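**Student:** using only what follows, build the 3D model:
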Amino acid sequence: MSKSLPIPAKRHLPSKEATLFKELLTLYETRQLKKGLKTSDQILKKFPEHGETLCMKGLVLTNMGRREEGIDLVKKGVRLDLTSHICWHVFGLIQKGEKNYEEALKSYTQALRFDKENINILRDAAQLQTQLRHFEALVETRHTLLKLRPTMRQHWIALAIAYHLNGNLSEARKTLEHYERTLKNVTDYDIEHSETLLYHVHLLEEMEEYPDALSLLDTNSKSRAIVDRTAIMETRGMSFHSSLLPPLNQTSSTDALTALRQFSAQLPKAAAPRRLALTIATRDDFRELVKPYLLSGLTKGIPSLFVDIKSLYTDLSKREIVEEIVESALAEFSGAPTSAAASSSSSSSAADVEPTTYLWTLYFLAQHYSYLGRPKKALETIELALAHTPTLPELHTCKGRTLKRAGDLYGAARCVNDARLLDGQDRFLNTKCAKYLLRAGCVEEANTMLGLFTKKDAASPGSDLEDMQSLLYLIEEADAHYRNGKLNLALKKYLAIQKIFNEVEDDQYDFHGYNLRKFTLNIYMKLVKWEDRLRSHPVYVKAALSAARIYVTLHDNPSIAAAISSSPQLTDAEKKAKKKAKKAAQKVQEDPKKGPAPSSNEDKGLELPPAKDDDPEGIKLVTVTDPLEQAVKLLQPLTTLAVDDIDVWTVVYDVAIRRKKFLQAVQALNRARALNIEHPEVHLRSMHLRQTVETLPEVQPAPVGTLIKEASDKLLPEGLSAFTYNGQYQQRHASEPLAILAAAKVTQALREPTQEVEQAVFSVLRESLELNIEAAIKALEFLAEIKSERVEEFRKACDVRFEVSTVFKPAAELQVLKKKTLVGEEEEKEEAAVAA
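**Tutor:** The predicted model follows:
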């Protein structure tokens, strides 16, 4: 064994001060901070350069809220005694409190150099290694802990989990088996042992050792060693489901369908096997199975029946069968009475049908037509349903959804508001109404609506929802501001979403120790895997891409940031809301002053206090000097977690090419081309890269220049000009509006005549093309961007093309529609009567 290092002379304390130092450690652990501060001052009075005492005093001050003073003392203490494990441990605690996990782990590593067997430091280091995903180092740390305390079963399980996280499943299994062999006299209903056995079963499942997993599960469930009966049933159910998957993945779906039918016969009330059978069945089998499934749902009045069925619509034949069955059912039910008193003229079969069955059939068909892009037929159907039962909120929300898809955002918000007025205490309808208002660009109205269910003492409904981490609200409001052209407010909300994901990632730290202490092992493994893919969440992806696009816009046109910062334009409603929020914030700040003064011994913890928001309008965010670098930070996680999203690679390209990082741009473009070489955005950027490389002022040095030239040459066939290739692309995709628009953008970039560009854009209005509203809006925005004189002509043509939509109405008409958004249907009728 290596000899322990001698204690340096400057660290040595006389007996009295050494006793005081031990007392100081105890006082800190028991959070008697005021006494601890006095004790540290007693020692430092005689030994002002005692590094360990300085560090402990700094730690106490940091916990008392005197952060800057405390951190300075800790740093001074470390400098005075670089070989003290206590100094490095305290420094690590401070850095961990600041969420600086990398530096904290370095400090713990230094501490372990001078005290290799300190249990507390090893345990904290293991948690940091897990947080940072340093799994190889984690295995070594867990080995050390097990050697020091081999009798603690927590250390055995921790080592198995470390092997598991490091990908060494066989060693994890061996560790668990060795641990289980050492157990003696396990008490009945031992929850920790039960959870360990379940973890062992799940480990075997992950290793695809299904017979061993089932054997271990059955043996221990019969002996009552596993006490979680629900987990036993779930595990067996997963094993049954796994046994069905091989036939589906190979050739015989008949065997799987037969097994599901048998399962349905054994458990006739179980819906899962009947629904899974619909996914597997084809043609006549599907028709035979789906008819009773649909009719049963319509008879029972299940509102979510269409949501359940619509995933089958990817198969055209199944979609047609569903439509045929439900339309036939409607024809059969149409003679049903529309009130409690049955009509004498109704047929006997129709008279037996409940009025609600007819209603839910109309509701299903309205959703069906809306989903398939037939807004007129959907609206006709939903009007029949509303005439039958005008007080059902689901019908109004369905009408709103149909109008939203057809492009009438104000009408959609109004319909959902009608639904909300039917039940003012329904939080779901309130949220849905606010969401539709945000989609319509009515931000202030939406915030007022949300304020009905948020805290009354909050600075504003928005701040309360942000504190509650409401991703739905934040992404919808951010998008609303983006569409309204308020880039500063949009960017602020997008970055608030990023902050939430950072907090969720940081919050997992405490669970690395908690789950081992409480033996909640299985849910912990799910947590770690979920956290690894946290930023693949659709809301983060959308927020990161949108924020990056804003940063690109700010880089391309710095005058936007200057205009926003010099004269932020606020409406009267926004000024009023801002004044109200400021008053509420002042009230919140004043409330603590009225209460009792905080104790000087109060433990404020090591974590940083919440930062004060000194930029409520987001002005500082749009005036950053390095917008592209900010975009890179947002996009970095997506390059590994959203590799199949073509939008990610196009935005990564946009950022890289502007940063003059040509290799990164080429790599991003190649990834996008590998996903879909014919995608309009990919075609646009391929031409952009070719043009950029050809117009570079100087040749890039080797090997970068050579690689860029080779990549550029591969974009077009040899001997073909960019203009010709672009024309060929447009011909290949002559029926796709977005592809035509991309070709028009390339034509404009090649400096062709404006008339030719306009002609290409107007070609998307051909009757033979299936032009949707999103593509039409993008085409209109492009014409406005190039300052075309035919913008108004294109808008009018789109207004005629999309009859239901209000997107292409004149600005004055849109303002009138916006004012009517929150006016209920009954109120409008009353106003019309008064006017008449």
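**Student:** any weak-confidence spans in the stretch 551-700 of the chain?
**Tutor:** 567-605 (pLDDT under 70).
**Student:** which residue is the nearest non-sequential neighbour of residue 608?
**Tutor:** Among residues not flanking residue 608 along the chain, residue 98 sits closest, at 5.8 Å (C-beta to C-beta, 6 or more residues apart in numbering). Yep, even glycine has a C-beta here, placed from its N, CA and C like the rest.
**Student:** from residue 500, how far off is that neighbour?
**Tutor:** 19 Å (C-beta to C-beta, to the nearest Å).
**Student:** got it, and residue 788?
**Tutor:** 41 Å.
**Student:** just to revisit the earlier point, from residue 90, how far out is the residue nearest to residue 608?
**Tutor:** For residue 98, the distance to residue 90 - C-beta to C-beta - is 13 Å.
**Student:** returning to that earlier point: dump the residue contacts of the residue nearest to residue 608.
**Tutor:** With contact taken as C-beta atoms under 8 Å, 6 or more residues apart in numbering, residue 98 is in contact with 606, 607, 608.
**Student:** the same query, at a cut-off of 10 Å, please.
**Tutor:** By C-beta atoms under 10 Å, 6 or more residues apart in numbering, the contact list for residue 98 reads 62, 67, 71, 104, 606, 607, 608.
**Student:** export these to JSON lines and tack on distance to residue 377, neighbour count and secondary structure?
**Tutor:** Formatted as JSON lines, the contacts of residue 98 follow (distance: C-beta to C-beta, whole Å; neighbours: other C-beta atoms under 10 Å; DSSP: H, G, I helix; E, B strand; the rest coil):
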{"residue": "62", "distance to residue 377": "67", "neighbour count": "26", "secondary structure": "helix"}
{"residue": "67", "distance to residue 377": "65", "neighbour count": "19", "secondary structure": "helix"}
{"residue": "71", "distance to residue 377": "68", "neighbour count": "19", "secondary structure": "helix"}
{"residue": "104", "distance to residue 377": "62", "neighbour count": "24", "secondary structure": "helix"}
{"residue": "606", "distance to residue 377": "63", "neighbour count": "16", "secondary structure": "coil"}
{"residue": "607", "distance to residue 377": "57", "neighbour count": "12", "secondary structure": "coil"}
{"residue": "608", "distance to residue 377": "57", "neighbour count": "10", "secondary structure": "coil"}
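**Student:** quick one: the helix or strand where residue 683 lies to chain centroid distance?
**Tutor:** Secondary structure from DSSP states H and E places residue 683 in helix 680-694. Chain-centre distance of helix 680-694: 31 Å, with C-alpha atoms, centre = their mean, to the nearest Å.
**Student:** for that helix, output the C-alpha coordinates as PDB.
**Tutor:** The C-alpha coordinates for helix 680-694 follow below in PDB (Å, rounded to 0.1, in the frame of the first residue of the first chain):
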ATOM      1  CA  PRO A 680     -37.500  21.500 -52.600                       C
ATOM      2  CA  GLU A 681     -35.500  22.900 -49.800                       C
ATOM      3  CA  VAL A 682     -32.600  20.500 -50.600                       C
ATOM      4  CA  HIS A 683     -32.700  21.500 -54.300                       C
ATOM      5  CA  LEU A 684     -32.600  25.200 -53.300                       C
ATOM      6  CA  ARG A 685     -29.600  24.800 -51.100                       C
ATOM      7  CA  SER A 686     -27.800  22.500 -53.600                       C
ATOM      8  CA  MET A 687     -28.000  25.300 -56.100                       C
ATOM      9  CA  HIS A 688     -27.000  27.900 -53.400                       C
ATOM     10  CA  LEU A 689     -23.800  25.900 -52.500                       C
ATOM     11  CA  ARG A 690     -22.900  25.500 -56.200                       C
ATOM     12  CA  GLN A 691     -23.300  29.300 -56.800                       C
ATOM     13  CA  THR A 692     -21.400  30.100 -53.500                       C
ATOM     14  CA  VAL A 693     -18.400  27.900 -54.400                       C
ATOM     15  CA  GLU A 694     -18.200  29.400 -57.900                       C
END
